[in-house]
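>>> Just the structure for this:
(2 chains)
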Amino acid sequence: MSAISRAEVAHLARLARLDVTDEELDMFSGQLDVILSSIARISEVAAADIPPTSHSVPLENVFRDDVVVPGLSRQEALAGAPDTAEDRFRVPRILDEE
Amino acid sequence: MSELTTKTAAELARLVAAGETSAVEVAQAHLDRIAAVDDRVRAFLHVDTEGALAAATAVDVRRAAGETLPPLAGVPVALKDVLTTKGVPTTCGSKILEGWRPPYDATIVERLRAAGLVILGKTNMDEFAMGSSTEYSAYGPTRNPWDLGRIPGGSGGGSAASLAAYEAPLAIGSDTGGSIRQPGAVTGTVGAKPTYGGTSRYGLIAFSSSLDTPGPCARTVADTALLHAIVAGHDPRDSTSIPVPVPDVVAAARQGASGDLSGVRIGLVKEFGGEGAEPGVMGAFRDAVDTFAKLGAEIVEVSCPHFEYALPAYYLIAPSECSSNLARFDGVRFGLRKGDDGVRSLEEVMSITRDAGFGPEVKRRIILGTYALSSGYYDAYYGQAQKVRTLITRDFTAAFANADVVVSPTTPFVAFPFGSRTTDPYQMYLADLFTIPSNLYGGPAVSVPCGLSEGLPVGLQIMAPTLADDRMYRVAAALETVIGSLTPPVLAAA
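The predicted structure is shown next:
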């Protein structure tokens, strides 16, 4: 049995906002199946009582003094944008016409 | 080729400080070398001729004014294109950032500039640092100066190749699963991954935030340590940056260069017995271990039973974090936008943009990470991987109770021919078999040349406890006294 189906890969690509082609879907589902089968053996490790590590350096609550420092100007912040309007980032429509 | 390009960074700095050559002459010699060979090596994505000559001129002016120059002032450095450089194109090897000029410098870049180093340009890499060969760069692969038909390692293949081709004496890389060390190994150069949090990630384009570690690369251990000392240290702009002093890595490299390792315990990982590694790689590695014993080190065996699960844990943790980090590439604030015809919705435009802008390996990892983080799979995959990360850290802690450092081959195989590992992505992942454990643990590790196999360089990896970066430099420098730096066949100017 395969670890991941073509339909699942298509669903995940949609969730990740990747408009993949049919050819990509065919390729990825085969490859991801191999990768997942290889890494699935991580479940063999008895780790029920083991605490997870999210970061190797256990730093917590890193604070700094609230000092105002210069930031990017509006012009600098917008300089790399694909499209701008009225000194703002312009985005395609976010609501349906209906 | 100007002989300035074959000198060490330490020697170049001395020549500039003494006025025996100028920083501009040094920069020009390296720019000329790039012009002569980079059409074949393709280490650079962008050469900043104007910026380099301006920075070099500034150093010469400071010297003429009688200023005492910082340790590496006037020495050229190549930057992996994963670091932001103000006003200078930064692509991260991806089409989604083609043409982007960042509005700010990474902390590491700021520190290099402040220390008077001369930035030559930006080096090629696997897209978003995902790969072991540079074959996943959207701009085509870099070639290994030892054999132009072979990979230079990855993801930082451009930085490593620029050193081996004498285009730069120093380079900066970034290491998430081996991206500094494995390119170092297959190009016969030195590459160090500092302790996680020892070098700032501010301005380092994020791949896997709990693992990403920028670090120094050079042709000698001493040069690597000198560069390490300049770029490392606490940065308040990175919340995972460690607020403690950097160990004296330069002094440690100097101590190691005496060739005496008396009193140093070197651990061999029982579970890295050689399965999966080429015989030539294991042979060179065993010879190096014999060398350590001759230099006075005590060789001990350590057991790290969970290392075999490091690769699976990494390929759950890194893709998960990448799927989240790369969500910022949405075609709104910077980079590419595709399909915006005035009719399509934001979501449609975003999906078209991301499909057009990302290459296959990045998409595979985003999908894999989205899968590992999705409800129903989270505990079995991502959660379990984080628990295994704890067990790997415990393995290291136990090993370091009996050994000062732990050594292994850096990578299981020498530089492989282009195309030999791209059809089955898992075969590419195996290149990082030995380097991944120290990323999950967070401790420092360095790759240093230890010999040749079939005429190609083999790297030895030295892993040290968290914050003991100095130890690995001492051991690396001691090995270098016997091996010497490996000299790649010098590419003739075309």
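>>> Helix or strand for the closest residue to chain B within chain A, just tell me which one.
Using CB to the nearest CB, the closest approach of chain A to chain B is made by A:S56 at 2.5 Å. No exception for glycine: its C-beta is placed from N, CA and C like everyone else's. Take DSSP states H and E as the rule and A:S56 turns out to sit in neither a helix nor a strand.
>>> For the chain, which segments count as strands?
With no chain named, the answer covers chain A. A:84-85, A:88-89 (DSSP state E).
>>> My question was about chain B, not that one.
B:44-47, B:76-80, B:118-123, B:170-175, B:190-193, B:213-218, B:265-269, B:298-302, B:405-409, B:445-453, B:456-463.
>>> Contacts (any at all) between chain A and the first one?
No. For strand B:44-47 and chain A, the contact criterion (CB under 8 Å from any CB of the partner chain) is not met; the two come no nearer than 15.8 Å.
>>> Buried residues of stretch B:71-88, list them for me.
Of the residues in stretch B:71-88, B:71-86, B:88 count as buried by neighbour count, 16 or more other CB atoms under 10 Å in any protein chain shown.
>>> re the thing from before, any idea how far B:F207 is from the residue of chain A closest to chain B?
When distance is defined by CB to CB, to the nearest Å, A:S56 is 16 Å away from B:F207.
>>> quick one on the thing from earlier: would you turn the strands of chain B into TSV with mean pLDDT?
Formatted as TSV, those follow (pLDDT from 0 to 100):
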stretch	mean pLDDT
strand B:44-47	98
strand B:76-80	98
strand B:118-123	98
strand B:170-175	98
strand B:190-193	98
strand B:213-218	98
strand B:265-269	98
strand B:298-302	98
strand B:405-409	98
strand B:445-453	97
strand B:456-463	98
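>>> How confident is the prediction for the spatially most central residue of chain A, by pLDDT?
Chain A has A:A16 as the residue nearest its centroid, 6.7 Å off, counting by CA atoms, centre = their mean. A:A16 carries a pLDDT score of 97 in this model.
>>> Check A:D96 too.
Note on A:D96: pLDDT of 71.
>>> Near chain A, which residues of the stretch 151-300 of chain B are found?
The stretch 151-300 of chain B has residues B:196-197, B:210, B:236, B:239-240, B:242 near chain A, with proximity defined as CB under 8 Å from any CB.
>>> Farthest-apart pair in those residues, please.
B:S210 and B:P236 (19.3 Å; CB to CB).
>>> and the two? which has more neighbours close in?
B:S210 (21 against 13; other CB atoms under 10 Å in any protein chain shown).
>>> contacting residues for the more buried one?
B:S210 makes contact with A:54-56, B:196, B:240, B:317, B:321 under the criterion CB atoms under 8 Å, 6 or more residues apart in numbering or on different chains.
>>> burial measure for residue 14, as a count.
This is for chain A. Quick note: A:R14 (other CB under 10 Å) scores 14 neighbours.
>>> Actually, chain B is the one I wanted.
Neighbours of B:R14 (other CB under 10 Å): 14.
>>> where's it relative to chain A, distance?
Distance, B:R14 to chain A, using CB to the nearest CB, to the nearest Å: 36 Å.
>>> okay, that residue: pLDDT?
For B:R14, the model assigns a pLDDT of 98.
>>> Return the distance of it relative to B:A73.
Noted for B:R14: a distance of 11 Å to B:A73, by CB to CB.
>>> Where does pLDDT dip in the chain?
Using chain A here. Along chain A, the parts satisfying pLDDT under 70 run over A:1, A:97-98.
>>> switch to chain B, that's the one I care about
Within chain B, the stretches with pLDDT under 70 are B:492-494.
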